[in-house]
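A.B. asks: need the 3D shape of this:
(one chain, ligands or ions: 2)
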Amino acid sequence: MKNIVIFGAPGAGKGTQSDKMIEKYGFGHISTGDVLRNEIKNGTALGKTAKGYIDNGQLIPDELMVDILAHVYDSFGSHHKGVIFDGFPRTTPQAEALKKMLHERGHKIAAMIELAVPEEELMARLINRGKESGRSDDNEETIKKRLNVYHTQTAPLIDWYKKEGVHHHVEGLGTVEEIFARIASEIDQLSE
Ligand SMILES: Nc1ncnc2c1ncn2[C@@H]1O[C@H](COP(=O)(O)OP(=O)(O)O)[C@@H](O)[C@H]1O
Ligand SMILES: [Mg+2]
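C.D. replies: Ligands and ions are numbered 1, 2, ... in the order given. This next block holds a predicted model:
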């Protein structure tokens, strides 16, 4: 079982590369962003609470996120090939909570794959994604806030996962295929 955290700033390509990993390895995928956006679209109570935070470029409270996460994780059963965590954890307390949730099930994170992409490229990709997908948080104002939240709250997780001994650095510039080849080479070197 290869549970993987795909990590990086907004626009780093986590969603894009997750699709490739799912296709090649048959992993399950938990994108907290997608789960939340679905709740918002369906107008659920959770969705309404979440929307306030998202539109303001803020993170959703941890207890709420971990409950959602555990629910989706368990839906893959206890003998899956691995699950990709995309967009979670974003803070140290969330990483601790994820570790605990997996530990309770006798599971763990096999690898944290960090997609490293320069800031100018992130901005360009996100502004373009906003135009094409109409994601309400992909406007210049909110992107700046999200990148700031990433640098202050999320980037410290790189050191946290280094200490856990599972951090893998991958250059996130290049074509989708080039980057995926780098990721696959890291995954193929993990023990089963
Ligand atoms: N290697 C790449 N080169 C150029 N653009 C990319 C690349 N990978 C992803 N993108 C584009 O960048 C934007 C952000 O990618 P996405 O996968 O949604 O990132 P994340 O999930 O990390 O926020 C999307 O519009 C996507 O199509
Ligand atoms: Mg994404």
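
A.B. asks: how many residues are close by the closest residue to ligand 2 within the chain?
C.D. replies: Of all residues in the chain, residue 15 sits closest to ligand 2, at 3.4 Å by Cβ to the ion. C-betas here are computed from N, CA, C, even on glycine. Using other Cβ atoms under 10 Å, the number of residues around residue 15 comes to 16.

A.B. asks: wait, doesn't it sit right on residue 125?
C.D. replies: No: Residue 15 is beyond contact range of residue 125, at 11.1 Å (criterion: Cβ atoms under 8 Å).

A.B. asks: on that earlier part again, for ligand 1, see how far away the residue of the chain closest to ligand 2 is.
C.D. replies: The spacing between residue 15 and ligand 1, counted by Cβ to the nearest ligand atom, to the nearest Å, is 3 Å.

A.B. asks: contacting residues around residue 119?
C.D. replies: Contacts of residue 119 were listed using Cβ atoms under 8 Å, 6 or more residues apart in numbering, and they are 9, 147.

A.B. asks: can you do 10 Å?
C.D. replies: Contacts for residue 119 (Cβ atoms under 10 Å, 6 or more residues apart in numbering) come out as 9, 11, 147, 151.

A.B. asks: quick one, phi psi at residue 3?
C.D. replies: Backbone torsions of residue 3, given as degrees, to the nearest 10, read phi -80, psi 130.

A.B. asks: chain center to stretch 170-184: distance?
C.D. replies: In terms of Cα atoms, centre = their mean, to the nearest Å, the centre of stretch 170-184 is set 16 Å apart from its chain centre.

A.B. asks: what do you get for stretch 28-44?
C.D. replies: Remark: stretch 28-44 is offset 13 Å from the chain centroid, using Cα atoms, centre = their mean.

A.B. asks: and if you look at stretch 118-132?
C.D. replies: In terms of Cα atoms, centre = their mean, the gap separating the centre of stretch 118-132 from the centre of its chain is 17 Å.

A.B. asks: now the nearest residue to residue 154 once chain neighbours are set aside: how far from residue 77?
C.D. replies: The shortest distance from residue 154 to any non-neighbouring residue, by Cβ to Cβ, 6 or more residues apart in numbering, is to residue 90 (4.6 Å). In this view, residue 90 and residue 77 are 26 Å apart by Cβ to Cβ, to the nearest Å.

A.B. asks: since that was my last question, I'll sign off now.
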